[in-house]
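# Need coordinates for the below:
(2 chains)
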Amino acid sequence: GAGVSQSPRYKVAKRGQDVALRCDPISGHVSLFWYQQALGQGPEFLTYFQNEAQLDKSGLPSDRFFAERPEGSVSTLKIQRTQQEDSAVYLCASSVSGERDEQFFGPGTRLTVL
Amino acid sequence: LAKTTQPISMDSYEGQEVNITCSHNNIATNDYITWYQQFPSQGPRFIIQGYKTKVTNEVASLFIPADRKSSTLSLPRVSLSDTAVYYCLVARGKALNFGKGTSLLVTP
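Here you go, the predicted structure:
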C-alpha cells in the first residue's frame, strides 16, 4: 500500500519568500507529525496533530512556522519569510493513533533558502 | 525527556554481528525504548521497540537489562545495505526525540 508522501521533494526559496510543504499521510492514520532535520543531525519534533486538532506545537521554532490539517488528512507546513537557518529537510510522519504506535515517515522535503 | 547517549559511529565487515549500545540513565517508568534506522535521503524507519528483557523480530534483537538504564540493538550478520544511521529513542508520549544517532558503516 501507499506510504507517506511529501511534496515537493526539493524546494529552493529566496530569503524572505513564503513556502508551503505538503504531506499526505497513510490513509486512516489519525496522528500526523512534522519534524525538521538539519544536515548531520537527527530529526527534531516540530508539531503533532490528532485528526484535525493540533495538540502539540511546542517544537515550532518561531511564529513564522505554521501547520494545518483542516480535514484530518493532508497537512501543510507553511514557513513565512524564510531565513537561511530554515534550510533543512522537513519530514512528515503518521501513525495509527496510539502513543506507542510506530511512526511511518515520508521521504522529506529538502528546503534550501538562498 | 530521558537523554540518550550512543556512539557516534561504528564500522563492521559484512557478515558480522553488530551491537549498538545506548545509555539512558534517567529513563522513567512509563518510557519505552525504540530504535529507528535512516538511510540517506530517506525518512527514518522503525526497527524495534521494547520495555524490558529481550525483544526479537525479523530484523534485529533488542536487549534491555533489568535496570533499563541501557539497551543494546543487535543486528545479526550485517550486509552492505545495513549501512545507515541508527537512532535510540526513549519514547514518552508521541513526540520522538532522535538525538544524533550512530552512523554504521558496513564494508566488504
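# all strands of the chain, in order?
Because you didn't say which chain, this covers chain A. A:5-7, A:10-13, A:19-24, A:31-37, A:44-50, A:53-56, A:65-68, A:75-79, A:88-95, A:104-105, A:109-113 (DSSP state E).
# My question was about chain B, not that one.
B:9-13, B:18-23, B:32-38, B:45-50, B:53-56, B:61-64, B:70-75, B:84-91, B:102-107.
# Out of these, the one nearest chain A is which?
The closest of those to chain A is strand B:45-50. By C-beta to the nearest C-beta, the value is 4.2 Å. Yep, even glycine has a C-beta here, placed from its N, CA and C like the rest.
# Packing partners of the closest one?
Applying 3 or more C-beta pairs under 8 Å, 6 or more residues apart in numbering or on different chains; DSSP states H and E, we find strand B:45-50 packed against strand B:32-38, strand B:61-64, strand B:70-75.
# Make CSV out of the strands of chain A and add distance to B:S71.
Supplementary listing: those in CSV, determined by distance: least, C-beta to C-beta, whole Å:
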stretch, distance to B:S71
strand A:5-7, 30
strand A:10-13, 36
strand A:19-24, 30
strand A:31-37, 22
strand A:44-50, 21
strand A:53-56, 26
strand A:65-68, 32
strand A:75-79, 32
strand A:88-95, 21
strand A:104-105, 21
strand A:109-113, 31
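# hey, what's the one residue in chain A that gets nearest to chain B bridged with?
Chain B sits closest to A:F105 of chain A, with a gap of 2.8 Å, by C-beta to the nearest C-beta. For A:F105, the beta-bridge partners are A:A93 (DSSP bridges).
# Tell me if I'm right that it and B:Y87 touch.
No. Taking contacts as C-beta atoms under 8 Å, A:F105 lies outside contact range of B:Y87: 11.6 Å.
# list residues touching both of these two?
B:P44 (C-beta atoms under 8 Å, 6 or more residues apart in numbering or on different chains).
# which ones are touching the residue in chain B that chain A sits nearest to?
Taking C-beta to the nearest C-beta, chain A has its nearest neighbour within chain B at B:G43, 2.8 Å off. Neighbouring residues of B:G43 by C-beta under 8 Å, 6+ apart: A:V4, A:L91, A:A93, A:F105, A:G106, A:P107, A:G108.
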